[in-house]
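[1] mind looking at a prediction? Sequence and model below.
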Amino acid sequence: MASVTKTIAVIPAGGAGTRLWPRSRASRPKHVLPLAEHRRPLLRATYDRAVSVADEVYVLTEVRQRELIGGVLPEVDEAHLILEPSARGTANAYGLATLALLERHPDAVMVALPADHVVRGTAAAARAVKTAVEAAARTSRLVTVGLKPTFPSTGLGYIHAPGRPSRGMLRVRRFIEKPNAAAARRYVRAGEYYWNLAWFSWRLNVFIEELGRHAPRHLAGLRKVIAARQAGDEAAAAGLYARLPIEVVDRAVMEKTDRLFLVPAAFDWADIGNWAELGALVHADAHGNSVEGEAVLVDTTGSLVFGDRRLVAAIGLEDMIIVDSEDALLVVPRSRAQDVRRVVDALKRARKTRYL
C-alpha cells in the first residue's frame, strides 16, 4: 500500500467570472468577492478549508493576479504561488502546477480545490477530500468528489458512477461535460449521476502519465515552459505558454481516462456561475424576493436585488435580477441570468474597457 508523504492542496484562482458582471471585473475577479459565509472572500474561505486537509497549500493563478491574491491571503509567500503567464484553460493550468510540484515533492498527492465555490457543511466536505486523497495515494488513480444533483443544471458537468461504493469510492463509467436540459433531467431521474465539482486528487506522477496519454501536445509544451523557467527566461516561458491550445482538464483528460474514481459526498455546495445561482443562497422573503443591501419593493415577486451604496426601489417586477455597483447597473430577467456574459462581450466589442 502506498503511503502519503505529503498532501498538497492547490487552489486554482482563475478568471473574472463574466456572468457575475458588474460586480466581477478583471480587477476584481469572482474569487475575491465577499460571497462566502460571514461575507468572506471566496478565496479566503477556500484557503481555510484547504489548510484543514493538507500539509501545504499553493495558489495557482495568473501573473496579473499576484497582487490581488496577496491582498486576500497575505500569508501566502512567493514560494507558494504557482503563476500562469496567461490563462490557457485548466488542462494547462493543472499540468503546469503538477510539473512544478513534481520538482519539489515527487511523491506527494495533490488535491485541487477551486477558489470560487461556496461550501456549507465544511466537516462533511473535509471528510470527502480526505477520502479522495487517501484513495489517490492507495490506488494510483485519478479521484474526484461528486454530489448528487438537486436540480437539472446545464452549467455543470455530470459523472456517471453506478453501483455501491467500495472503500468509499465508485468507478466512473462516464464523464459528461455540461449537458443540455433534456439530458440533465434524465441524469437527475436516473440517480446514478453526480455533479462534477472539479475537486480532483491524484499522485503527481499519475496525472502526468494521463496527461501524456490523452493530451500529449499539452504535456510536451508544458515541459518546455518549465525548462524555460528553470533557465530563468520568463519571457520565453510566457511565449511558449501562450501557444498552448486552450482546453479544460475535463475534456482533455477526465472524459478520456479509464483511471477515474469518484468519492460520493453530501454537503451544501454551489459553483456561483451566475446571479440566479447566487440568489438561491440568499434567504427569500414571503414574496420570493432575495435582497442584499437597501431596497424597497412594491408589488414585486420572485426577484433578486443586490444593492451597493444606494437604495434600490422596484415596482411591479416579477422574476427579475437587479445588481447595482458603483459605475454600472444590471437589470435582467432571472431566466436569462446566463446571458450576462453577452453584456461583457458587447463591452469588449465597443472597447468600453473601463467597465471590464
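    Perfect, I can see it now. Residues are numbered from 1 along each chain as shown.

[2] contact partners for V206?
    A136, S140, R141, L142, R259 (Cβ atoms under 8 Å, 6 or more residues apart in numbering). C-beta coordinates here come from the backbone N, C-alpha and C atoms, glycine included.

[3] sorry, that was for Q65
    A13, P29.

[4] that one belongs to a helix, doesn't it?
    Yes: counting by DSSP: H, G, I helix; E, B strand; the rest coil, Q65 falls inside a helix.

[5] any idea how far it is from L101?
    As judged by Cβ to Cβ, to the nearest Å, Q65 and L101 stand 19 Å apart.

[6] for L43, same thing?
    Distance from L43 to L101, by Cβ to Cβ: 20 Å.

[7] more neighbours: which of these two?
    L43 (27 against 19; other Cβ atoms under 10 Å).

[8] may I ask which helix or strand of the chain has the lowest mean pLDDT?
    helix 275-279 (a mean of 80; mean pLDDT, DSSP states H and E).

[9] next, the residue nearest to A238 when sequence neighbours are not counted: phi, psi?
    Leaving aside its chain neighbours, A238 sits nearest to P85 (3.6 Å; criterion: Cβ to Cβ, 6 or more residues apart in numbering). The phi/psi pair for P85 (degrees, to the nearest 10) reads phi -60, psi -30.

[10] contacting residues around P85?
    E62, V63, V225, E234, A237, A238, Y241, A242.

[11] go through those residues and flag which are in helices.
    V225, E234, A237, A238, Y241, A242 (DSSP state H).

[12] ok, which pair from those residues is furthest apart?
    E234 and A242 (12.4 Å; Cβ to Cβ).

[13] any idea how far the spatially most central residue of the chain is from L197?
    Residue closest to the mean C-alpha point of the chain, counted by Cα atoms, centre = their mean, is P114 at 4.0 Å. Note on P114: its distance to L197, by Cβ to Cβ, is 8 Å.

[14] what touches both of these two?
    In contact with both P114 and L197: D271, using Cβ under 8 Å, 6+ apart.

[15] just the CA coordinates of stretch 191-201, formatted as PDB?
    This file holds the C-alpha atoms of stretch 191-201, laid out as PDB (Å, rounded to 0.1, in the frame of the first residue of the first chain):
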ATOM      1  CA  GLY A 191     -30.000   8.500  -9.700                       C
ATOM      2  CA  GLU A 192     -26.600   7.200 -10.800                       C
ATOM      3  CA  TYR A 193     -25.100  10.500 -11.800                       C
ATOM      4  CA  TYR A 194     -23.200  13.100  -9.700                       C
ATOM      5  CA  TRP A 195     -22.300  16.700 -10.200                       C
ATOM      6  CA  ASN A 196     -18.700  17.300 -11.100                       C
ATOM      7  CA  LEU A 197     -17.200  19.700  -8.500                       C
ATOM      8  CA  ALA A 198     -13.800  19.700 -10.200                       C
ATOM      9  CA  TRP A 199     -12.300  18.700  -6.800                       C
ATOM     10  CA  PHE A 200      -9.700  16.400  -8.100                       C
ATOM     11  CA  SER A 201      -6.900  14.400  -6.300                       C
END
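
[16] so how far is that stretch from its chain's centroid?
    13 Å (Cα atoms, centre = their mean, to the nearest Å).

[17] swap in stretch 345-356?
    25 Å.

[18] end to end, how far does it reach?
    Stretch 345-356 has an end-to-end distance of 10 Å (Cα to Cα, to the nearest Å).

[19] if you count neighbours, what's buried in that stretch?
    For stretch 345-356, the neighbour count (16 or more other Cβ atoms under 10 Å) marks L347 as buried.

[20] and if you look at stretch 93-109?
    Buried, per 16+ other Cβ under 10 Å, within stretch 93-109: 93-102, 105, 108-109.

[21] again with stretch 249-258
    Result for stretch 249-258 [16+ other Cβ under 10 Å]: buried residues V249, D250, R251, A252, V253, M254, E255, T257.

[22] check contacts around the third one.
    Put plainly, it is R251. A91, E177.

[23] relative to M169, how far out is it?
    Between R251 and M169 the distance is 23 Å, computed by Cβ to Cβ.

[24] and what of the last one?
    Separation of T257 from M169 (Cβ to Cβ): 15 Å.

[25] which neighbours in the sheet does the lengthiest strand in the chain have, and how are they oriented?
    Secondary structure assigned by DSSP state E gives strand 193-203 as the longest strand of the chain. Strand pairing for strand 193-203, using DSSP bridges, gives strand 109-112 (antiparallel), strand 142-147 (antiparallel), strand 158-160 (antiparallel).

[26] out of those strands, flag the one nearest A328.
    That would be strand 109-112 among the strands paired with strand 193-203, by Cβ to Cβ, at 32.5 Å.

[27] which SSE is the nearest residue to M254 once chain neighbours are set aside in?
    Among residues not flanking M254 along the chain, F175 sits closest, at 4.7 Å (Cβ to Cβ, 6+ apart). Using DSSP states H and E, F175 sits in strand 174-176.
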